[in-house]
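> 3D model of this:
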Amino acid sequence: MAEFVVRRIALGAVVLWVMTAVVFVMFFVAPHNVANLIAGRQATPETVALVKHRLGLDQPVLHQYRDYMWRLLHGNLGYSFYNSTSVRSLIWQRVPVSFSLALGAAALWLLIGVSAGVLAATRPRSLADRAVTMGALFFYSMPSFLLGVVVFYLLFYRLHLAGIGWFPGNGYVAFTQSPWRWAQHLVLPWFTLALVTAATYARLTRGSMLDVLGEEYIRTARAKGLTERRVIYRHGLRSALTPVVTQFGIDFGTLLGGVIIVENIFGLPGLGQLAVQSVVQQDLPVVIGTIILAAAFIVVANIVVDACYGILDPRVRVH
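Numbers count the residues shown, from 1 in each chain. Okay, here's the model as predicted:
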């Protein structure tokens with residue numbers, strides 16, 4: 001198992017290195033006038049030359065890449081052009097928000113999606129199966145921005161007009177400051193993301209469970225007199241979780257990188273909102289930092305998924 005995990009970590013490191021190289025080429029090599037882009041349209045030639053020198057853009061490309069990688073390895077992402085604050089501090093101020101949003105939404109969509117999928121698979125062609133399938137198709141077809149607006153209108157705007165202030169409209173409160181207010185500010189975006197994403201997990205779990213429950217070893221387990229609950233959850237669900245774990249690694253890693261639309265609807269100062277602001281302001285160091293961090297989240301999430309494969313199905317350890 002340890003050798004399997006080490007191989008996956010090494011592969012993840014290679015993927016992350018390729019990603020950083022692509023980012024370097026996109027932002028520093030492909031454009032012909034990077035210094036002009038950074039300095040602005042009305043910059044004087046002297047300002048452009050100063051920017052080029054400060055960023056090392058007057059050095060050979062390999063020398064620039066060496067300095068770029070050296071700074072990344074030491075966690076130095078540079079300074080924001082907009083407010084002269086270090087990119088690392090800007091990002092880490094936003095990470096708790098995105099992490100809180102991702103963690104709560106992931107817990108909800110796993111609970112809703114997997115439970116609904118198991119219910120539908122164990123009662124095929126029943127009313128419950130049809131209800132789960134229709135619900136999954138409805139929310140799967142629902143854009144997150146539309147559901148977010150509907151949730152915001154019904155559970156914030158209409159309730160506030162009626163004098164019921166259960167859910168705050170926007171903002172974020174740190175967990176260390178007040179766990180109750182932290183959850184109160186996040187419950188609407190949690191359910192917005194969870195309902196849309198749970199539809200995928202319900203369909204995945206249902207299809208995988210139907211395949212697994214038709215296997216020979218499931219019939220053997222039933223013939224041995226095991227209870228139906230033990231057959232379904234101990235033998236069936238464990239084998240059926242492989243595609244669910246795959247999807248979860250992708251979704252959770254992407255969510256950690258920032259959910260632009262949902263964060264903007266509910267006014268959450270997360271990584272997605274920071275990325276949008278940086279693009280609008282042409283704040284190149286912050287854009288690069290958010291891209292690299294999002295890539296790192298996805299790589300780490302997939303390494304964890306591969307490790308979970310080894311636990312759920314020992315056969316994958318030999319590959």
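> I261 contacts G148, correct?
Yes - with contact defined as C-beta atoms under 8 Å, I261 counts as touching G148 (6.8 Å). Heads up, the C-betas are built off the backbone N, CA and C, glycines and all.
> more neighbours, those two?
Between I261 and G148, counted using other C-beta atoms under 10 Å, G148 has the larger neighbour count: 24 against 17.
> so is that one in a helix, a strand, or just coil?
Under DSSP: H, G, I helix; E, B strand; the rest coil, G148 falls in the helix class.
> That one: what's it in contact with?
Taking C-beta atoms under 8 Å, 6 or more residues apart in numbering as the definition of contact, the neighbours of G148 are P189, T192, I261, V262, I265, F266.
> Please apply the same query to I260.
Listed by C-beta under 8 Å, 6+ apart, the contact partners of I260 are G272, Q273, A275, V276.
> Neighbours of the last one, how many?
In terms of burial, V276 registers 16 neighbours under the definition other C-beta under 10 Å.
> quick one: pLDDT of it?
In the prediction, the pLDDT value recorded for V276 is 84.
> and it, what helix or strand is that in?
helix 271-281 (DSSP states H and E).
> got the buried residues for that helix?
Buried residues in helix 271-281, counted by 16 or more other C-beta atoms under 10 Å: L271, G272, Q273, L274, A275, V276, S278.
> Of those residues, which is the nearest to S80?
Nearest to S80, judged by C-beta to C-beta, of those is S278 at 8.0 Å.
> got the contact list for the residue lying closest to that closest one once chain neighbours are set aside?
Of all residues not flanking S278 in the chain, V286 sits nearest, at 3.9 Å (C-beta to C-beta, 6 or more residues apart in numbering). Contacts of V286 were listed using C-beta under 8 Å, 6+ apart, and they are S80, Y82, V87, L90, I91, L274, A275, S278.
> can you check A107 too?
Going by C-beta under 8 Å, 6+ apart, A107 touches no other residue.
> secondary structure element for it?
helix 87-122.
> still on that earlier bit, mind checking the SS state of the residue nearest to S278?
The three-state assignment at V286 reads helix, by three-state DSSP.
> Local confidence estimate at it?
Looking at V286, its pLDDT is 86.
> Distance check, it against V95.
14 Å (C-beta to C-beta, to the nearest Å).
> Need the residues touching each of those two.
The overlap between the contact sets of V286 and V95 (C-beta under 8 Å, 6+ apart) is empty.
> residues making contact with the helix or strand harbouring A131?
Here A131 is covered by helix 127-140, with elements defined by DSSP H and E. Taking contacts as C-beta under 8 Å, 6+ apart, the residues outside helix 127-140 that touch it are 116-117, 119-121, 123, 147, 195-196, 198-200, 202-203, 206.
> Tell me which stretches of the stretch 201-319 of the chain form strands.
Chain-ordered strands for the stretch 201-319 of the chain, with DSSP state E, counting those that start in this stretch as the definition, do not occur.
> Where does pLDDT dip in it?
Counting by pLDDT under 70, the low-confidence segments of the stretch 201-319 of the chain come to 257-258, 309-319.
> same thing but at 50, please
Within the stretch 201-319 of the chain, the segments meeting pLDDT under 50 span 318.
> residue closest to the middle of the protein?
When C-alpha atoms, centre = their mean is applied to the chain, the residue found nearest the centroid is L255 (1.9 Å).
> Could you chop this structure up by domain?
Domain ranges of the chain: 2-73, 93-318, per automatic domain parsing.
> Single out the most deeply packed of these.
Compared across these, domain 93-318 shows the largest average neighbour count, a mean of 18 (mean count of other C-beta atoms under 10 Å).
> ok so, going back, out of the contacts of G148, which comes closest to L154?
Checking the contacts of G148 against L154 by C-beta to C-beta gives T192 as the nearest, at 11.5 Å.
> what helix or strand does the closest one sit in?
Here T192 sits within helix 179-213, counting by DSSP H and E.
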